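In: Quick one, structure for this:
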Amino acid sequence: MELVTNLYTLLEYWRWPLNDYAEPGGAVIDGAKIPKNLLGCLTETDFSLATHETLAKALEQDGYIFGRGLIDEGEVEAARNEVFQRLGEVDELEKPFENGIFSGRSRRDHLHLDRGKFWESVSSGRALRKVTNGSTLHNVASKIFGRQAVGFDYLFLRAVPEGRFTHLHCDAGFFTRFTDKVLTCWIVLTEIPFDKGPLFIVEGSHKYQDIKDNFKGFDVDRDKEKKASIDADPVAFVKQRKARFLSAIFRPGDILFFGMYTVHGAFEHHAADSRIRLTCDIRYQPKSEPLDPRYFGTELGGTTGAGYGELNGARPLPEDWHIR
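Out: Just a heads-up that it's a prediction; the model follows:
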């Protein structure tokens, strides 16, 4: 390993050389290793050269738009350290907090009676909001839509320790109650090689008509007998579709936009260095489309009306996640 200082905005952050992961062989989900022939690389887009037409074409063709280092490195570092400081204050990180090392402990519930209020306060940090709701992402989203965009006020901030992964799903059931012209933007705040559990997209899945038919009109909150997760073995699902898991070795400041019917998930964090993976999701939509009051404004209810307390992020780091 090597000690890297101020590279990809990491402050004294241990990492393995990227060459060790040039062949993405470290991808695991639910304890099962992903065969290399089922792994592919996300196509990178140069946002500095992109126009509305090229971005819209990429989204239509691939179902996603992936950009490297779009967010200013100083802004990313400030947001990361802001979140790490809050996690450290509830004893979930070892000192120095900026290293992001999971302690295996938590005093979150002891120090904060309301999990949702605590996580809302973490998610409302000024440095984090400068990244998620700042001019950079706003301008990019507006260029993608070809008209003025607006970012959701409700964020999905995720601090991920070892052993966690995210099941196959698409986002339609959460965010399309008022309009389906919504894009998820996944923001990378720490370095994420394959053993840290990066997000993946199922190749070509935005064109799966059966997925669209199944989830169009579905509402996680209202249709409680149905789950947003796709009840299928991920490897079998990808093999059956003759597709691949598309991912990357992500670096702080990278972003990934994708649509509501793009099937995705996250590989398992199985690295042995105890460093958490930190990312944040925000949704953008055209400002002219109807706004879902669950996600815009103050006193936000979130998907189910439970506020920030409904999120996995609101749970103390040692606690298992729920599946929706």
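In: those helices in the stretch 1-150 of the chain, which residues are they?
Out: 52-62, 73-89, 108-111, 115-123, 126-132, 135-145 (DSSP state H, counting those that start in this stretch).
In: Tabulate those helices (a markdown table), appending mean neighbour count.
Out: Bear in mind the C-beta positions are built from the backbone N, C-alpha and C, glycine included. Rendered in a markdown table, the data for these read as follows (neighbours: other CB atoms under 10 Å):
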| stretch | mean neighbour count |
| --- | --- |
| helix 52-62 | 15 |
| helix 73-89 | 20 |
| helix 108-111 | 14 |
| helix 115-123 | 19 |
| helix 126-132 | 19 |
| helix 135-145 | 18 |
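In: okay, those helices in a markdown table with distance to K227 and mean pLDDT next?
Out: Written out in a markdown table, the entries for the helices of the stretch 1-150 of the chain read as follows (distance: least, CB to CB, whole Å; pLDDT from 0 to 100):
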| stretch | distance to K227 | mean pLDDT |
| --- | --- | --- |
| helix 52-62 | 26 | 98 |
| helix 73-89 | 29 | 99 |
| helix 108-111 | 27 | 98 |
| helix 115-123 | 22 | 98 |
| helix 126-132 | 27 | 99 |
| helix 135-145 | 28 | 98 |
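In: can you list those helices in TSV and add distance to N99?
Out: As requested, the helices of the stretch 1-150 of the chain are arranged in TSV below (distance: least, CB to CB, whole Å):
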stretch	distance to N99
helix 52-62	35
helix 73-89	8
helix 108-111	19
helix 115-123	18
helix 126-132	18
helix 135-145	26
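In: Tell me which of those helices sits nearest to E268.
Out: Closest to E268 of these is helix 73-89 (CB to CB; 20.7 Å).
In: List the contacts of S288.
Out: Taking CB atoms under 8 Å, 6 or more residues apart in numbering as the definition of contact, the neighbours of S288 are 147-148.
In: What pLDDT is listed against K224?
Out: As predicted, K224 sits at a pLDDT of 88.
In: go on, the one 10 residues further on?
Out: You'll see P234 listed with a pLDDT of 97.
In: Look at the closest residue to T54 other than its chain neighbours and report its pLDDT.
Out: With sequence-adjacent residues excluded and distances taken as CB to CB, 6 or more residues apart in numbering, T54 is closest to T45, at 7.9 Å. Among the per-residue scores, T45 shows a pLDDT of 96.
In: so who does T45 touch?
Out: 54-55, 58, 65-67.
In: which one in the protein is furthest away from the centre?
Out: Among residues of the chain, the one most distant from the C-alpha centroid is H110; the distance is 27.9 Å, by CA atoms, centre = their mean.
In: Just list the residues touching the residue positioned nearest the centre of the chain, thanks.
Out: Centroid-nearest residue in the chain, with CA atoms, centre = their mean: W186, separated by 4.1 Å. With contacts taken as CB under 8 Å, 6+ apart, W186 has the following neighbours: 199, 255-258, 279-281.
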